[in-house]
Structures are given as C-alpha cells and as structure tokens.
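A.B. asks: Sequence and computational prediction follow.
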Amino acid sequence: MVPGKHQMVPGKVQAMASDKRGVKMNKGRFILLGGMISCGVFATGIIRAGERTIEREPLVVEAQPVMVTSYGSGATGIGEVLQQILEVDLQTQGVPGGQADLSIQGSPFSGAGIALQGLALPHAQTEHFHAELPFAVEWFGAPTVLTGFDQSLGSSGFLVGTLDMGILPISTRRLLHVGISEYNSIWGQLLVQERLDMGDQAVGVGAFAGAADVNRVDFPDNDVEVRRAGAQMQWGNRDGDQIDLLFGRQEKTLGVRGYYGVNPDWPGEEEITDTMIYLGGHRTRSTGRVRAGTYYRSFTDDYRLFWTLPGTFENNHKLDVWGGMLDGRWLPTETYWVDWRVSGQDERIRSSALGYFNRRHAAFSAIPGYRMGPWQYQLGGRFEVFEDDSNPVLPQAALTYFASRGVSVQLAYSESVRQPSYTELNYESPASLGNEGLGNQEASTTQLTVRGPLPEDIEWKARVFYRESSDTVDWIRRDDASERWEAENIGTVRTVGWEAGGRWQHASGSSVGLYYLGLDQSDKPAVYASRYALDYASHMLRLSGRAALGERLTLGYDQMLRQQQSNRIREGGRNQNDGRLQATYQLRRYPEVLFTLAVDNVWDDDYQTFPGQDTFASRRVSGGMRVEW
C-alpha cells in the first residue's frame, strides 16, 4: 500500500463516486448469479452421468503438508511459507510477516496473487496485500504455482501467476510453536484439530491463535506486531469429497518508516485488520470433477505518517469483497473433455484518500480437450465482463505431447487481464501520485514447457516463455528532479524468459531443490526509472538443501543469488546474496518436540529490494520450539 492523500473535498468524493468506474447496481450481479445457477445445474448433471474415465492431471491437487520451521513459524502469517517456494520471489519490506510483495516469473507485484482451491483473492485497494491471508498455514498443503495456460485451467487467476492453496483433510492433533529472536522479539501459535470418523464419512473441527512481536526489523522504530485467530469445520468422505468452512482474523501493526518510497526521515505506522470467511468444496468422480467456493473479506488499512509539516498525514481505507467460483471438468467420452469455470467478485471500497466506489466483475471460460495417442489438444477461451469497460474474449490453447517415462512437452498460449487498483487510480501522497485515466491491462503469454521425472526421485521442469503486456501500469520517476513515483501507462512491455528447476527428495528426509530464472526486456519503454514492471531480475538462482544427519538432526540452507536490471534510483549495486541457515533437532525421549535454530541473511546483505529504499533486514538469529501431540 502506498499512502493516499490526507483529505478529499466532499464534492470531489461525490463526483468520483459517480465516475464511470462507479456503481451500476444490477448488471454485473445478475450476470454472475445467472451464470452460477446455470453452471451449478450443469455440474450436478455431469456428476450423475455414466461411468467414463480419462487420464488427466487432477483438478484438485492433493499436496503434501508444509512443515513450517522457518522464521516466525507461521505466527506472523503466510509469508514464512511463501519465502520457501523456489518459484516465488517474496519481496519483503523488513521481514516476511511485515509487508511483502509476490512475484512469479519476474512479474510486478500487481501480476501475482493467492488463490484458495482455484478461487483467486485479488485486492482492489492495492496488490501490496496479495501476500496476506488470515488463516493458519498448517491448514494447507504445499502451494501450487500456476502460470499461463496452467493458470487458466486451475484458477480464476491473475495477470501473470497464481499461488494456489489446497486445504488438507483434518487430522486429530495439537501443535504449538514458540520462538524468540534478537531485540526481544517473540512469537507463538497454538493450533488444535479434532477429527471424528463415522464409517465412510468424517467431520473435523479446528482452531488456532497466534501472536508475534518482532522488533527493529530494518529501521530501529519499525516493529511488527501481529495477532491472529481462526476456526475451521470440515466434512469429507472416502471418495475424496470435501467441504470446508474457514474463518480467520488478523490484526497487524507495523512501523513503516521508509516504506512505499516515502522519505525515511519521517516515521510512520500502519494498522491492518483482515477478516475472512471462506466456504468451499470439491467432488471427483470418473465422469467429471467439480469445485465450488465463495468468500467474504473485510479489510481495513489505516496509515499515519508523522512528517515535519504540521499535523499528521493520515488516510483510512475499508475494502469489502464478496467472491465466488464454480468450475469443473466434464468427461463425455474417454478421449474428450471440457474444462469450464464461472467466477465473479463484488468489490466495495470506502476510503478517505481513494474515494467511495463499487465495482463488479464476472468471468466465464470453456476449454475443450481431446486426446489421441500421445497427443493432447486443448482450445477454448475466457470471457471477462467488467462494468463500464470493455469485455474481452481471451483465447487459451495448448498442444501437449506425452513421451515415454512420464516426460511431456507442451506448447501453450494464454491471455489474461487485470483492472487497475484504486491506489493506482486515485491516490496522492508525498511519495506517490495515482492516475485516474488508467484502463485495464492485458497480457498474452506463450510457453514451451518440458517436464518429467528422472531416476532417484528427481522431478524437473524447463520452460521458455514470451509475455507481451499492453497498457502496462507501472510506477515511474520521470526524471532526476522527480520526488514522487507516478502511476503511468507505459505502453507495451515484451518479456522473454527462461526458467528451469528440479527437486530431489530422499526417504530419509534429505532433499535438494534448484531453480533458475532469466529475463530480458531489451525492447522496453524508455523511462527514467521504474519501481516494478521494468525493475526485474536479469538472472536469479535459488538453492534449497536439507541434510538429515541421523534420525534427529537436520541441517538446511537456502541461498538466493540475483542480478537485477540496472536502475538509476537503486543504490549499493544490483547484486543480491541472501542466505539462510537452519538446524532442527528432535528429542530422543520426546520425539514430538522439535527445536529450531536459524540465521537469516547469513551474509548480512544490504541489497535494496525496492530501488532507493533501505528497508532490508540485517543478519538475524532466531530460535524456536515446535511441539506436536
């Protein structure tokens, strides 16, 4: 979030509320409701159809659970998990539990976000909050990274990439995390789950509560204070059907001196509350698969800047979002199928700095597929409906060849679209200036992907891609004399990228993961300085290793090496060397007790994640204990 302006003239708020991006009360809602009902009837029919099968990857990925032993142990939020995913670049201001941006395939923070079982969770105020989720990380399996055509199949999606979170079946357990760090920092979380089996069915309930106080994360007065709690209910059966009800609330207060490009001489504070209810489920049969999900989210953001001018620069935002999704796969024959989805959102913002607005959005997609021998063909489209804006039809296509020994080669093409955030459109602050003339941004992505297993439990993937973004929104400095970042349509941005990665996992618990990303924007718009879209990693290499030394001791090391594109605003060089060392020890007599010792930023690197902004966390030692019973 970049702070909005201090106050607005009431007449201007009223005029903005009647702007073309304002409210047309019924059109989007009727379209969304009608689509949901029709698809629900359609889904019920296909599940009751005859028994037919086809070899396809599951629509719902049943991922292995994530064991969080990293900094904060999940008590400060989901950032600790996102930091461990090699394909995700978590760009933090301070520590992961403070404020962090998501980047996938070198995307700006506005191009990537989180989805819950295919249901995307965009943030209309600002995409700076795309890495926030007020639920316990232990409720979810290892996230799945989706880009391009895979994103169009698996999620309602974002412009570039989606991090899809699948909900795990509940098991009876108690889990306690506690930890300490330098500068009197402390955190803890308690999670309780109970499962009751009733023949072929099972029900489960759970709850969690966590708190964290992390001090001096970058500047001496930038502290992070987090309070989190939530509950869940679940029904499931032996066929794998599952229905989940989740509730969570997170309250976060953080010092923001120097954040969002603001003068670091001015201290600042931000208070965030995030309340969310999610209801969803999935059902799988040989004749097809169906998922459904809906959520309500209420998000408040109060920002205060204690500048040298009289008074306090302050703005207050409240965002309410309702969203829903219904998708599935229809299998009329053994070689033919249709992947389909309908989704929509209703967003309402009330802000002293951004104005008072409502907007709605619905999307419909159908992608037929056909399998003949080793070849698979998929061709379809996605229809996006926006209030008072163009309604694009976005083609989706893929050609896949399945070679021997599980190796596949896929050539795919996909298009996507995003609306500008209200921050990009309307705010003004000492460090930033919005642009109410911005329109929707579209992107087309072509990907050639080769993936498969190797002997000795090695999974690997290699990909080259070409992405072309039109009406690209970025925050730029116009010249050396500019004092603010300005939201601007910089036109078309063409990106050529290549990525490769693999993972080896041994039964003993030892593992090695490797990921490389290279990007080139040689034909890029000419601007003096870019904060996001044109500030990318020319080369990024990530390594993650775990060595099981006996039955109880494990050593782990994570390393990131980055060479960033040159930027006139960035100081101190464009190379990043970020390492993390961790040791875990399980007690012999009490194996349910696990101790953790970690060192973050091993090399004490002072790389500027955001150009011109010294909000890096220096080397930090932490220790924790995890007890499960």
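C.D. replies: It's in.
A.B. asks: give me the element residue 409 is part of.
C.D. replies: Assigned by DSSP states H and E, residue 409 falls within strand 408-418.
A.B. asks: actually residue 596, sorry about that
C.D. replies: Per DSSP H and E, residue 596 falls inside strand 593-600.
A.B. asks: shaky segments in the chain?
C.D. replies: Residue ranges of the chain with pLDDT under 70: 1-76, 456.
A.B. asks: sorry, back to before: what does the strand holding residue 596 contact?
C.D. replies: Contact with strand 593-600 is made by 69-71, 73, 179, 580-587, 617, 619-628, as judged by C-beta atoms under 8 Å, 6 or more residues apart in numbering. No exception for glycine: its C-beta is placed from N, CA and C like everyone else's.
A.B. asks: re earlier: can you name the residues in contact with the strand holding residue 409?
C.D. replies: Taking C-beta under 8 Å, 6+ apart as the rule, strand 408-418 contacts 110-111, 122, 148-152, 157-160, 382, 384, 392, 394-403, 440-452.
A.B. asks: Among those residues, which are located in strands?
C.D. replies: Judged by DSSP state E, those include 382, 384, 394-402, 441-452 as members of strands.
A.B. asks: Narrow the residues you listed to just the buried residues.
C.D. replies: Among the ones in strands among the contacts of strand 408-418, the ones that count as buried by 16 or more other C-beta atoms under 10 Å are 382, 384, 394, 396-398, 400, 402, 441-447, 449-452.
A.B. asks: secondary structure element for the nearest residue to residue 87 once chain neighbours are set aside?
C.D. replies: Spatially, and ignoring its direct neighbours in sequence, residue 87 is nearest to residue 145 (4.5 Å; C-beta to C-beta, 6 or more residues apart in numbering). Using DSSP H and E, the element containing residue 145 is strand 144-147.
A.B. asks: Dump the C-alpha coordinates for that strand into CSV.
C.D. replies: Listed next in CSV are the C-alpha coordinates belonging to strand 144-147 (Å, rounded to 0.1, in the frame of the first residue of the first chain):
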residue,chain,number,x,y,z
THR,A,144,1.0,-25.0,-6.5
VAL,A,145,2.5,-22.3,-8.8
LEU,A,146,0.3,-21.7,-11.9
THR,A,147,1.3,-19.6,-14.9
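A.B. asks: Sheet-wise, list the partners of it with their directions.
C.D. replies: strand 161-165 (antiparallel) (DSSP bridges).
A.B. asks: Residues contacting the partner strand, please?
C.D. replies: Outside strand 161-165, the residues that reach it (C-beta under 8 Å, 6+ apart) are 61, 82, 85, 88, 102, 104-105, 107, 111-118, 120, 133, 140-141, 143-147, 151, 154-155.
A.B. asks: likewise stretch 302-321?
C.D. replies: Under the criterion C-beta under 8 Å, 6+ apart, residues 1, 3-6, 123-125, 256, 262-263, 265-272, 295-301, 345-354, 427, 429-430 lie in contact with stretch 302-321.
A.B. asks: Can you name the residues bridging to residue 413?
C.D. replies: When bridges are called by DSSP bridges, residue 413 pairs up with residue 397, residue 446.
A.B. asks: let me fix that: residue 100
C.D. replies: Bridge pairing for residue 100 - DSSP bridges - gives residue 92.
A.B. asks: can you tell me which of the contacts of stretch 302-321 are in strands?
C.D. replies: When the contacts of stretch 302-321 are checked against strands (DSSP E), the matches are 268-272, 295-301, 345-351.
A.B. asks: Helices along the stretch 351-500 of the chain, start to end?
C.D. replies: Secondary structure of the stretch 351-500 of the chain (DSSP state H, counting those that start in this stretch): helices located at 422-426.
A.B. asks: mind checking how far the strand holding residue 409 is from the chain centre?
C.D. replies: 19 Å (C-alpha atoms, centre = their mean, to the nearest Å).
A.B. asks: cool, and stretch 204-212?
C.D. replies: Distance of stretch 204-212 from its chain centroid, counting by C-alpha atoms, centre = their mean, is 21 Å.
A.B. asks: for stretch 573-583, same thing?
C.D. replies: Relative to its chain's centre, stretch 573-583 lies at 22 Å (C-alpha atoms, centre = their mean).
A.B. asks: Same check on stretch 149-163?
C.D. replies: Centroid displacement of stretch 149-163 relative to its chain, using C-alpha atoms, centre = their mean, is 11 Å.
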